[in-house]
Every structure is written in C-alpha cells, then in structure tokens.
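Student: quick one: sequence and predicted model below, then my questions.
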Amino acid sequence: MLSVVVLISGSGSNLRSLLDAQSSGGYQIVAVGADNEASGLAHAREFDVETFVVSPGDFGSRDDWAEALLCEVQARQADLVVLAGFMRILPAAFVRALTPHLINMHPSLLPAFPGAHAVRDALAAGVDVTGATVHIVDEGVDTGPIIRQVEVAVEPGDTEATLHERIKQVERELIVATVTNLAQQSVSLEEIAR
Ligand code: GRF
C-alpha cells in the first residue's frame with residue numbers, strides 16, 4: 001500500500017478528493033500537514049488522519065522552518081509527498097531530501113504560467129486553453145518533470161474564480177488518477193525524473 005503525506009495551505013479540495021478515493025486507489029494518506037491552520041485540515045480530521053502545522057512565523061528563518069517541516073514529513077516515512085495547494089516555495093534542501101517522491105498540482109499547462117497567480121496570468125495573456133499539471137518538484141518554481149497534464153478551455157466571460165473552479169475540478173481527477181497510478185506502479189517517478 002502506497003503511503004502518502006499531503007501538504008496544504010488552503011481549503012483542501014484536492015486533499016478531499018484524495019481522501020475520498022483512498023480505498024479504491026490503493027493508497028493510504030498517513031498524515032496531512034499545513035503551513036497555517038488551514039481550513040482543509042478539517043477533511044483530514046473527518047477521516048481520522050493525523051495532522052500537523054508548521055508555521056514559518058514560529059521560526060527565525062525560512063531554512064529553519066523548512067527543516068522542521070521536513071522532520072515532520074520524514075517522521076511519517078511515507079512513500080510519496082503530495083503538495084496539494086501548498087502555497088510556499090520549499091528550499092532546495094527540502095526538495096533534495098524527497099525528490100522524486102515529491103509531487104505538486106499546478107493550475108496551468110506548465111511551463112506556461114508558473115508561480116502563485118497562474119489562473120490570473122493565463123486570463124491576462126488571453127489564451128484560449130489553459131489547464132492543470134501534476135509534476136515532480138525540483139529546485140525551481142513549478143519547473144520539475146511533468147507527470148500528466150489536462151487542458152481546460154477558457155470560456156468567454158470567465159473570471160479568475162470561474163476559470164479556477166473549472167481547473168480545480170480537473171485537478172481533483174488528475175491528482176487522484178496520478179496517485180492511483182503510482183500505487184499500482186503503472187507510473188514510475190524515477191523514470192519520469194531521469
Ligand atoms: C489548486 O488550484 C492548486 O493547483 C493550487 O492551489 C489550489 C488548491 O486548491 N496550487 P485546494 O486547496 O485543493 O482547494
């Protein structure tokens with residue numbers, strides 16, 4: 001059984017989908033961590049999954065914070081760490097300790113529109129098609145090897161909120177399918193990272 005730690009910062013709708021699909025997907029979420037008292041932690045508690053919060057404000061430096069977060073993650077000895085709406089950039093030492101078993105969801109067709117405002121940036125650029133990407137985290141920002149992508153059409157009158165909601169619907173299926181494939185060993189992160 002693939003064991004998974006999920007890290008979130010917000011409402012955790014991707015986390016929720018992962019929790020709902022655990023038994024059919026053949027994986028187990030062993031802990032959920034956050035960088036703040038994120039509302040999405042409630043989903044984990046509902047499923048009796050252990051939670052932890054490591055806030056940057058409690059540490060003197062970003063490196064100290066990331067080291068404490070890494071300790072919490074590594075204590076769970078999980079096979080995979082999923083960033084599901086985790087909105088902080090992780091330092092190289094954290095990434096190096098976990099890659100390629102560290103994956104991220106991003107609401108665009110990377111390499112287009114990396115960063116924290118992917119949906120807004122896609123709208124501002126006037127593209128007809130954007131989407132969702134799941135990728136291995138490397139030391140850059142949203143630059144790691146791509147595992148899978150799904151397109152989402154931009155519709156006339158879309159706002160950042162309406163477009164992001166449609167992308168999130170796609171993301172939820174994408175992250176569940178990806179973690180399920182990893183559990184079934186039909187996808188190898190080592191091979192994708194090579
Ligand atoms: C998702 O769009 C994810 O790609 C981005 O943040 C959003 C998180 O949504 N990084 P949720 O917290 O899973 O609802």
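Tutor: Received, thanks. Being a predicted model, the structure only gives us computed values, none of them experimental.
Student: ok, the nearest residue to Glu151 once chain neighbours are set aside - contacts?
Tutor: Nearest residue to Glu151, sequence neighbours excluded (Cβ to Cβ, 6 or more residues apart in numbering): Gly131, at 4.4 Å. The C-beta positions use only the backbone N, C-alpha and C, and glycine is treated the same way. Contact analysis of Gly131 by Cβ atoms under 8 Å, 6 or more residues apart in numbering lists Ser108, Leu109, Gln149, Val150, Glu151, Val152, Ile167, Val170.
Student: the fifth one and Leu109 touch, don't they?
Tutor: This means Glu151. Yes - if you go by Cβ atoms under 8 Å, Glu151 and Leu109 touch, sitting 6.7 Å apart.
Student: shared neighbours, these two?
Tutor: Common neighbours of Glu151 and Leu109 (Cβ under 8 Å, 6+ apart) are Val129, Thr130, Gly131.
Student: what is the end-to-end distance of stretch 86-94?
Tutor: This stretch, stretch 86-94, spans 14 Å end to end (Cα to Cα, to the nearest Å).
Student: got the contact list for that stretch?
Tutor: 7-10, 34-35, 56, 62-63, 66-67, 69-70, 104, 116, 137, 139, 141.
Student: let's see it at 6 Å
Tutor: Leu7, Ile8, Ser9, Asp35, Asp63, Ala66, Leu70, Glu139, Val141 (Cβ atoms under 6 Å, 6 or more residues apart in numbering).
Student: check whether it contacts the ligand.
Tutor: No - with Cβ under 6 Å from any ligand atom as the criterion, the ligand is not reached by stretch 86-94; the gap is at least 6.5 Å.
Student: may I see the buried residues of that stretch?
Tutor: Phe86, Arg88, Ile89, Leu90, Pro91, Phe94 (16 or more other Cβ atoms under 10 Å).
Student: among those, name the ones in helices.
Tutor: Phe94 (DSSP state H).
Student: turn the buried residues of stretch 86-94 into CSV, columns for pLDDT.
Tutor: Listed next are the buried residues of stretch 86-94 as CSV, based on pLDDT from 0 to 100:
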residue, pLDDT
Phe86, 97
Arg88, 95
Ile89, 93
Leu90, 96
Pro91, 96
Phe94, 98
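Student: contacting residues for the residue of the chain found nearest the ligand?
Tutor: The ligand sits closest to Gly85 of the chain, with a gap of 2.5 Å, by Cβ to the nearest ligand atom. Taking Cβ under 6 Å, 6+ apart, we find Gly85 in contact with Ile8, Ser9, Gly10, Asn14.
Student: try 7 Å this time
Tutor: Residues counted as contacts of Gly85 (Cβ atoms under 7 Å, 6 or more residues apart in numbering) are Ile8, Ser9, Gly10, Gly12, Asn14, Met105.
Student: low-confidence stretches in this structure?
Tutor: In the predicted model of the chain, no residue satisfies pLDDT under 70.
Student: contact partners for Pro22?
Tutor: Check again: residue 22 is Gln, not Pro. Gln28, Ile29.
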